[in-house]
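Chemist: Turn this into a model:
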Amino acid sequence: MSEAARGKRPAGLGRGLSALLGDVAREQPIGPQQDGAPADGSIRMLPVGAIAPHPEQPRRHFDDAALDELARSIGARGVIQPIVVRPKDDRYQIVAGERRWRAAQRAHLHEIPAIVRDFTEAETLEIALVENIQREDLNAVEEAQAYAKLIGQFGHTQEALARLVHKSRSHVANLLRLLELPKPVLDHVVRGEIQMGHARALVGAPEAEALADRIAEEGLSVREAESLARAAKGSRRPRQAPLEFKSMPSDVAALETQLGDLLGLKVRIAHSPKGGTLSLAYSTLDQLDMICQRLSGERI
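Modeler: Numbers count the residues shown, from 1 in each chain. A predicted model of the protein is given here:
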């Protein structure tokens, strides 16, 4: 999407982070401070060595190859988007933008543009969670662990979290259920060897670790993983019906679930022998913005 097109985006779209950060002047020039320290929320240049990551950052896995690629880009063009930090003791702690900070270190930069704001622990985790989800940077386990922390330590409800991250409540609930799985199964998800849909099928299944190993080794689809889990749970494997239209409802329902897991939205498919429609239900303008950006291929 061109810069001109970005400028014409309707007001209210894509404001998930700005609603938490406040109306930060994103168009301020990045340069030396003048007339003393800038006001809270303005952009300033901070020493890279004076900044530390937040120990409870939801994102735990950083791909080295992707970091190297970003570092090369930063070395050539600088850091275009400032990170967000908060004062912590005599240093600064990252609220959003740890990946850019890590890449800036690899690019041997001495300073990085940053927005300095005072945030509580709960606000810090909220912003880090929203930023990573909007950029699709979290795996399902990291996202689930962040939800659990916001619920357990800061008293958020599933409904409040769903509104915060612009997802459906069922999406939040399904992710939280993943944490019932043994750690070796979750490790498969973190490494990208199985997907959320695979892992969700294994919740409550006996010998989930062995099933996860088999799914990863054989490259089974989500549907195959669900059949495997049903068999392990003692359910009788459903008889394969001929591939006719009247056997489609179960396939359509499974596809709705799989797409819903991927988008975090309600998905409905109306299928007929001559075609059909795919409907995505959204409840906020931010969700609509996310759908538009996914369809256009633009990174959030």
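Chemist: any chance you could map the helices in the protein?
Modeler: Here the chain has its helices, by DSSP state H, at 3-7, 16-21, 64-77, 98-106, 121-134, 140-154, 158-165, 169-178, 183-190, 196-202, 208-218, 222-232, 248-263, 285-296.
Chemist: closest to residue 89 out of those?
Modeler: helix 121-134 (14.4 Å; CB to CB). No exception for glycine: its C-beta is placed from N, CA and C like everyone else's.
Chemist: so what does that closest one touch, helix or strand wise?
Modeler: Helices and strands touching helix 121-134, by 3 or more CB pairs under 8 Å, 6 or more residues apart in numbering; DSSP states H and E, are helix 16-21, strand 91-96, helix 140-154, helix 158-165.
Chemist: List of residues touching the last one?
Modeler: Under the contact criterion CB atoms under 8 Å, 6 or more residues apart in numbering, helix 158-165 has outside partners 16, 126, 129-130, 133, 147, 150-151, 156, 168-169, 171-173, 176, 264, 284.
Chemist: again with the third one
Modeler: Applying CB under 8 Å, 6+ apart, the contact partners of helix 140-154 are 56, 58-61, 121-122, 125-126, 128-129, 132-133, 138, 156-158, 161, 172, 175-176, 178-179, 186, 189-190, 195-196, 199.
Chemist: Mark which of those residues are buried, thanks.
Modeler: Neighbour counting with 16 or more other CB atoms under 10 Å marks 58-59, 125-126, 128-129, 132-133, 138, 156, 158, 161, 172, 175-176, 178, 186, 189, 195-196, 199 as buried within the contacts of helix 140-154.
Chemist: in this protein, which segments are predicted with low confidence?
Modeler: Residues of the chain meeting the criterion pLDDT under 70: 1-41, 58-60, 134-137, 235-250, 261-262, 286, 293-294, 296-300.
Chemist: Give me the domain ranges for the protein.
Modeler: If you go by automatic domain parsing, the domain ranges for the chain are 26-120, 140-232, 245-296.
Chemist: Please identify the most buried of the ones you listed.
Modeler: Ranked by mean neighbour count, the domains of the chain are led by domain 140-232 with a mean of 18 (mean count of other CB atoms under 10 Å).
Chemist: and that domain, how far from the chain's centre?
Modeler: 14 Å (CA atoms, centre = their mean, to the nearest Å).
Chemist: Let the chain start at 271 from now.
Modeler: Okay, residue one is now 271; in that scheme the one you just asked about reads as domain 410-502.
Chemist: Ends of it, what's the gap?
Modeler: Chord length of domain 410-502, first to last residue, is 23 Å (CA to CA, to the nearest Å).
Chemist: One more: stretch 361-379?
Modeler: One end of stretch 361-379 sits 18 Å from the other (CA to CA).
Chemist: now stretch 361-373
Modeler: First residue to last in stretch 361-373 (CA to CA) measures 19 Å.
Chemist: for stretch 324-337, same thing?
Modeler: End-to-end span of stretch 324-337 (CA to CA): 18 Å.
Chemist: Just the residues contacting it, thanks.
Modeler: So stretch 324-337 is in contact with 363-365, 368-369, 372-373, 376, 391, 394-395, 398-399, 402, 407-409, 412-413, 415-416, 419, 460, going by CB under 8 Å, 6+ apart.
Chemist: any idea which residue sits dead centre in the protein?
Modeler: In the chain, the centroid-proximal residue (CA atoms, centre = their mean) is residue 403; its distance is 2.4 Å.
Chemist: any idea how far that one lies from residue 320?
Modeler: Taking CB to CB, to the nearest Å as the measure, residue 403 falls 28 Å from residue 320.
Chemist: ditto for residue 408
Modeler: Applying CB to CB, the value for residue 408 to residue 320 is 27 Å.
Chemist: how far away is the closest residue to residue 414 other than its chain neighbours from residue 451?
Modeler: Nearest residue to residue 414 in three dimensions, chain neighbours excluded: residue 445, at 4.1 Å (CB to CB, 6 or more residues apart in numbering). Counting by CB to CB, the gap from residue 445 to residue 451 is 11 Å.
Chemist: Repeat that for residue 489.
Modeler: Relative to residue 451, residue 489 is positioned 20 Å away (criterion: CB to CB).
Chemist: and stretch 447-464, C-alpha only, in PDB?
Modeler: Written as PDB, here are the backbone C-alpha positions of stretch 447-464 (Å, rounded to 0.1, in the frame of the first residue of the first chain):
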ATOM      1  CA  ARG A 447      -6.800 -24.200  26.700                       C
ATOM      2  CA  LEU A 448      -3.500 -24.900  24.900                       C
ATOM      3  CA  LEU A 449      -1.700 -24.300  28.200                       C
ATOM      4  CA  GLU A 450      -3.300 -27.500  29.500                       C
ATOM      5  CA  LEU A 451      -0.900 -29.400  27.200                       C
ATOM      6  CA  PRO A 452       2.400 -30.800  28.300                       C
ATOM      7  CA  LYS A 453       5.500 -28.700  27.700                       C
ATOM      8  CA  PRO A 454       7.000 -31.000  25.000                       C
ATOM      9  CA  VAL A 455       3.800 -30.500  22.900                       C
ATOM     10  CA  LEU A 456       3.900 -26.700  23.400                       C
ATOM     11  CA  ASP A 457       7.600 -26.800  22.400                       C
ATOM     12  CA  HIS A 458       6.500 -28.300  19.000                       C
ATOM     13  CA  VAL A 459       4.200 -25.200  18.500                       C
ATOM     14  CA  VAL A 460       6.900 -22.800  19.500                       C
ATOM     15  CA  ARG A 461       9.300 -24.300  17.000                       C
ATOM     16  CA  GLY A 462       6.700 -24.200  14.300                       C
ATOM     17  CA  GLU A 463       6.500 -28.000  13.900                       C
ATOM     18  CA  ILE A 464       2.800 -28.100  14.500                       C
END
